[in-house]
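Visitor: starting from these lines, generate the structure:
(one chain, ligands or ions: 1)
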Amino acid sequence: MNEGPAGAGMPSGETAEDQPAPAAAPWSAAAPGSASEPASASVGLVQEALAAIHALFAAGSAAQYLGEPVSQAGHSLRTAACAVATGAAPTLVAAALLHDVGHMLDHDSAAALARAEDIRHEDTGAAWLARWFGPEVTEPVRLHVAAKRYLCVMDPGYYDRLSPVSRRTLTMQGGPFEGDELAAFQALPHADAAAAVRRWDDAGKDPAAVIAPLAAYDDLLAGLIREPR
Ligand SMILES: [Fe+2]
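Guide: A predicted model of the protein is given here:
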């Protein structure tokens with residue numbers, strides 16, 4: 001992995017955890033999946049999940065995000081901030097926040113990119129998250145790479161707006177959808193959610209973006225965690 005100093009690629013002195021939280025989180029009222037609803041999981045499971053996610057983001061704060069000008073954790077927090085800015089549902093904010101945990105779990109991620117190998121981080125991440133979250137969170141995560149291939153076909157200007165790294169990984173990931181791939185993706189129940197996460201993913205690489213720390217999402221995540229099924 002391309003290790004760098006804490007907060008690598010971020011503005012001087014910034015780490016993701018140092019960023020101020022927004023004045024009022026959109027999910028803090030009575031949004032579905034918020035802390036105002038009874039948790040569907042034991043306290044122990046919630047603590048286990050939050051501890052694992054925080055540990056992953058702590059490591060991800062010191063790892064540059066595959067050639068982008070932000071850290072892995074900083075990119076994820078920026079992607080979540082984009083979701084929040086659109087008033088997205090808690091499940092989609094969570095998916096945006098957690099969409100790249102597969103990269104954080106795989107310490108060979110940057111080396112794999114260098115040798116043009118697709119490690120399918122979307123599958124790794126979705127499988128890891130499935131022990132705590134339902135398909136409303138895990139499916140947009142699993143499909144966010146396919147959504148890039150989808151948007152390249154559906155949005156004429158989309159490819160040109162991709163970062164150089166995203167264009168490179170697109171080739172490794174199969175390129176724009178062809179033939180039956182497009183209709184097959186559109187038929188998936190979480191296709192639209194995945195496309196939304198993908199657009200926030202693409203926008204979540206601005207080093208100057210104002211982001212909330214991971215802890216600002218704890219209540220939202222806790223409200224979505226459920227016992228394994
Ligand atoms: Fe991403």
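Visitor: point out where the protein drops to low pLDDT.
Guide: 1-39, 109 (pLDDT under 70).
Visitor: for the protein, what's the longest helix?
Guide: Longest helix in the chain, counting residues (DSSP state H): helix 135-154.
Visitor: now for that helix, which elements pack on it?
Guide: Packing partners of helix 135-154 (3 or more CB pairs under 8 Å, 6 or more residues apart in numbering; DSSP states H and E): helix 90-98, helix 121-129, helix 158-161, helix 164-172, helix 180-186, helix 191-203. All C-beta spots, glycine's among them, are computed from the backbone N, C-alpha and C.
Visitor: only alpha carbons, please: show the very next helix or strand once past the last one as CSV.
Guide: Per DSSP states H and E, helix 191-203 leads on to helix 218-224 as the next helix or strand towards the C-terminus. Output for helix 218-224, consisting of C-alpha atoms alone and laid out as CSV, is shown next (Å, rounded to 0.1, in the frame of the first residue of the first chain):
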residue,chain,number,x,y,z
ASP,A,218,-21.9,7.1,14.7
ASP,A,219,-25.6,7.6,15.5
LEU,A,220,-26.6,7.2,11.9
LEU,A,221,-24.7,3.9,11.6
ALA,A,222,-25.9,2.6,14.9
GLY,A,223,-29.5,3.1,13.7
LEU,A,224,-28.8,0.9,10.7
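Visitor: contact residues of the protein facing the ion?
Guide: Asp100, Asp201 (CB under 5 Å from the ion).
Visitor: hmm, 6 Å instead?
Guide: Proximity of the chain to the ion is confined to His75, His99, Asp100, Asp201 under the rule CB under 6 Å from the ion.
Visitor: can I get those residues in TSV with distance to Ala112 and neighbour count?
Guide: Output for these, formatted as TSV (distance: CB to CB, whole Å; neighbours: other CB atoms under 10 Å):
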residue	distance to Ala112	neighbour count
His75	17	29
His99	18	32
Asp100	14	25
Asp201	18	25
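Visitor: now for the residues you listed: which two are most distant?
Guide: His75 and His99 (9.4 Å; CB to CB).
Visitor: now the residue positioned nearest the centre of the chain. Its backbone dihedrals?
Guide: Among the residues of the chain, His99 comes closest to the average C-alpha position under CA atoms, centre = their mean, at 2.5 Å. The phi/psi pair for His99 (degrees, to the nearest 10) reads phi -60, psi -30.
Visitor: dump the residue contacts of Ala83.
Guide: By CB atoms under 8 Å, 6 or more residues apart in numbering, the contact list for Ala83 reads Leu92, Val93, Ala95, Ala96, Leu97, Ala196, Val197, Trp200.
Visitor: test my guess that the fourth one contacts Thr79.
Guide: This means Ala96. Yes - look at Ala96 against Thr79 with CB atoms under 8 Å: they come within range, at 4.6 Å.
Visitor: neighbour count: those two, which is higher?
Guide: Legend: neighbour count by other CB atoms under 10 Å for Ala96 and Thr79, higher for Ala96 (33 against 30).
Visitor: against His107, how distant is that one?
Guide: Relative to His107, Ala96 is positioned 23 Å away (CB to CB, to the nearest Å).
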